[in-house]
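K.L.:
This is the structure alone, sequence omitted:
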């Protein structure tokens, strides 16, 4: 053989070897076989071979449903790069399958994959860690650990239909948590049940885990109508479902600082808590956190619930108008009190000595609106008194007070009359006045500030201080008076023994500059004891009875004098001359 012939032979041999090696020398590799339980169509997943010499014709899928039966061809076709082949099965048994690639480069040989069985085994059970409510978004969140199997495609999240009890698929997810939309689960409503199951690459669903329900907290207004009085709010919640609860923590935040504080803890079998309210008129935000028994760090947080702890409304009006001395020992107190609602509220009128602390209640149930109360048995010539109106809410708790009013006290030392300003009126709106002791007209003589110098102390004059409140137009709208200080001159009551209605001495009356009107009463009787007249002794009797003149003669008189300093009685006979 020539050299040329040898070279040709060698070249042909090497080319044959090269074409065989570069053809489908590796069979397709079986990965898995998945059966659709509804249609009984099997899908065979594989890693395909390669066709370097163009000898590939088709794949053939073979299978059998038991180990003693021969393999039967189920499908033929598919391009060389196919990664899956599908074929209907005559039944839903656990078939054993393999794929054959036709042909090798010689056009005769076939290359077969390894066999696999239809994957119809469900993944193992996996449990939920917890179902909780996100504080910020108030969305329900479910969380779980990663399944231990290698062939896990994801997790099916179900909700339990509360009407039918059926499990409704919410979402298939590859993650380890799912955040529900509020339209799916409203965290404010109790009874949500959440279930998960693992599914593999063949969509085989695992066993459904036991249902979990988050804690749902509520505050029932009907159970908390008395919170203003008890200063407590009752919080209730549903039990966590899914694992045993060791204890519940109750947390709250106040709109005062919006910081959460732990209010307390209760055992796992307790589903309510009374929270003492630190203050009223703030909004309180609550949530409950369940702690799993023997589950370190596993908790579940409830929804948040809000409670506005409104206090009772303040009175529409609560004020003292004046505290005015109206006579020795008597002070008149005017007030205006308008409660926020007609029912349940009370007002108290109180007073105390200016220099002592205990308060005395004068009236424990003032009528609503404007009124006046006469306070008796006071030492108006010696002491100042403080008055106020307290508002009491339906709990019996005083929660509002009027401005204090301090009565005026006028004193005299020698020629000096002095007083303390009336509070809370403007100290510029006061003056000292004088009148003749037996007169009615008061005339301003000094003020507005104390003291006042009395130039002549021999006159039977009385003095008082008047303070007044003004409106925006400087009109007087209220007035308070002090006690009266009267100068004392000679203190002898003169009673005449005769008078003549037609003469110079026309009226039978007494004379004493220290006696004021209303302090002396005169009675006139005839000789047989019949009463003819009664009246003011300072004005006297004009000699008439029932509007007609009586005859001249002798009559009997009786005069009763009742003064702050003393009492006197004068009796005798008088002569009426005509």
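P.N.:
Everything's here; your move. Just so it is clear, the structure is predicted and the values come from calculations on it, not from any experiment. Numbering: from 1, shown residues only.

K.L.:
close enough to count as contact, residue 466 and residue 433?
P.N.:
Yes. Between residue 466 and residue 433 there is a contact at 6.0 Å, judged by Cβ atoms under 8 Å. In this view, the C-beta of every residue, glycine as well, is placed from N, C-alpha and C.

K.L.:
Tell me where the stretch 301-450 of the chain has strands.
P.N.:
For the stretch 301-450 of the chain, the strands defined by DSSP state E, counting those that start in this stretch occupy 305-309, 317-327, 330-338, 346-353, 360-363, 369-375, 385-392, 398-401, 405-406, 410-413, 416-419, 430-436, 443-446.

K.L.:
mind listing what's buried in the longest one?
P.N.:
Spelled out, that is strand 317-327. 318, 319, 320, 321, 322, 323, 324, 325 (16 or more other Cβ atoms under 10 Å).

K.L.:
Please tabulate the strands of the stretch 301-450 of the chain in CSV and include distance to residue 532 as additional columns.
P.N.:
CSV is the format used below for the strands of the stretch 301-450 of the chain (distance: least, Cβ to Cβ, whole Å):
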stretch, distance to residue 532
strand 305-309, 75
strand 317-327, 30
strand 330-338, 33
strand 346-353, 46
strand 360-363, 44
strand 369-375, 35
strand 385-392, 45
strand 398-401, 57
strand 405-406, 48
strand 410-413, 41
strand 416-419, 43
strand 430-436, 30
strand 443-446, 38
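
K.L.:
any idea how far residue 352 is from residue 383?
P.N.:
Computed with Cβ to Cβ, to the nearest Å, the distance linking residue 352 and residue 383 is 10 Å.

K.L.:
and residue 229, that's in a helix?
P.N.:
Yes. Assessed by DSSP: H, G, I helix; E, B strand; the rest coil, residue 229 belongs to a helix.

K.L.:
Chain neighbours aside, what residue packs nearest to it?
P.N.:
Using Cβ to Cβ, 6 or more residues apart in numbering and skipping residues adjacent in sequence, the residue nearest residue 229 is residue 395, 3.5 Å away.

K.L.:
wait, doesn't that neighbour sit right on residue 227?
P.N.:
No. In this structure, residue 395 is not within contact of residue 227 by Cβ under 8 Å, at 10.0 Å.

K.L.:
ok, the two, which is more surrounded?
P.N.:
Comparing residue 395 with residue 227 by other Cβ atoms under 10 Å, the one with more neighbours is residue 227, at 20 against 14.

K.L.:
how far away is the more buried one from residue 341?
P.N.:
According to Cβ to Cβ, residue 227 stands 17 Å off from residue 341.

K.L.:
Report the contact partners of residue 100.
P.N.:
Taking Cβ atoms under 8 Å, 6 or more residues apart in numbering, we find residue 100 in contact with 59, 60, 62, 110, 111, 112, 113.

K.L.:
Could you report the pLDDT at the first one?
P.N.:
On the pLDDT scale, residue 59 is placed at 93.

K.L.:
what do you get for the fourth one?
P.N.:
Residue 110 is assigned 85 on the pLDDT scale.

K.L.:
ok, back up a step: so which of the contacts of residue 100 sit within strands?
P.N.:
59, 60, 62, 110, 111, 112 (DSSP state E).

K.L.:
Contacts only, for the closest residue to the fifth one other than its chain neighbours.
P.N.:
Nearest in space to residue 111, with sequence neighbours left out and distances taken as Cβ to Cβ, 6+ apart, is residue 27 at 3.8 Å. Residues touching residue 27, when contacts are defined by Cβ under 8 Å, 6+ apart, comprise 49, 101, 111, 112, 113, 114.

K.L.:
Among those, the buried ones, what's the ChimeraX command?
P.N.:
A single ChimeraX command selects the buried members of those (16+ other Cβ under 10 Å):
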select :49,101,111,113
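
K.L.:
Reformat the contacts of residue 27 as CSV; add distance to residue 412.
P.N.:
Shown next, in CSV, are the contacts of residue 27 (distance: Cβ to Cβ, whole Å):
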residue, distance to residue 412
49, 130
101, 133
111, 135
112, 134
113, 128
114, 127
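
K.L.:
re the thing from before, any chance of JSON lines for the strands of the stretch 301-450 of the chain, columns distance to residue 179 and mean pLDDT?
P.N.:
Supplementary listing: these in JSON lines, determined by distance: least, Cβ to Cβ, whole Å; pLDDT from 0 to 100:
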{"stretch": "strand 305-309", "distance to residue 179": "21", "mean pLDDT": "97"}
{"stretch": "strand 317-327", "distance to residue 179": "53", "mean pLDDT": "96"}
{"stretch": "strand 330-338", "distance to residue 179": "53", "mean pLDDT": "97"}
{"stretch": "strand 346-353", "distance to residue 179": "54", "mean pLDDT": "96"}
{"stretch": "strand 360-363", "distance to residue 179": "61", "mean pLDDT": "96"}
{"stretch": "strand 369-375", "distance to residue 179": "59", "mean pLDDT": "96"}
{"stretch": "strand 385-392", "distance to residue 179": "51", "mean pLDDT": "96"}
{"stretch": "strand 398-401", "distance to residue 179": "46", "mean pLDDT": "91"}
{"stretch": "strand 405-406", "distance to residue 179": "64", "mean pLDDT": "97"}
{"stretch": "strand 410-413", "distance to residue 179": "80", "mean pLDDT": "93"}
{"stretch": "strand 416-419", "distance to residue 179": "77", "mean pLDDT": "94"}
{"stretch": "strand 430-436", "distance to residue 179": "73", "mean pLDDT": "93"}
{"stretch": "strand 443-446", "distance to residue 179": "82", "mean pLDDT": "93"}
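
K.L.:
ok, residue 528 to residue 574 distance?
P.N.:
In terms of Cβ to Cβ, residue 528 sits 16 Å off from residue 574.

K.L.:
Name the residue in those two with the higher neighbour count.
P.N.:
The residue with more neighbours, out of residue 528 and residue 574, is residue 574; 17 against 6, by other Cβ under 10 Å.

K.L.:
partner residues bridging the more buried one?
P.N.:
residue 555 (DSSP bridges).

K.L.:
That one against residue 505, yeah?
P.N.:
No. The pair residue 574 / residue 505 is not scored as a contact, 11.0 Å apart, by Cβ under 8 Å.

K.L.:
shared neighbours, those two?
P.N.:
The contact lists of residue 574 and residue 505 share 496, 498, 499, where a contact means Cβ under 8 Å, 6+ apart.

K.L.:
Buried among these? Make that a ChimeraX selection.
P.N.:
The following ChimeraX line selects those of the shared contacts of residue 574 and residue 505 that are buried, judged by 16+ other Cβ under 10 Å:
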select :499
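
K.L.:
I'd like the shared contacts of residue 574 and residue 505 as a markdown table, with pLDDT and distance to residue 300 appended.
P.N.:
Shown next, in a markdown table, are the shared contacts of residue 574 and residue 505 (pLDDT from 0 to 100; distance: Cβ to Cβ, whole Å):
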| residue | pLDDT | distance to residue 300 |
| --- | --- | --- |
| 496 | 95 | 105 |
| 498 | 95 | 110 |
| 499 | 96 | 106 |
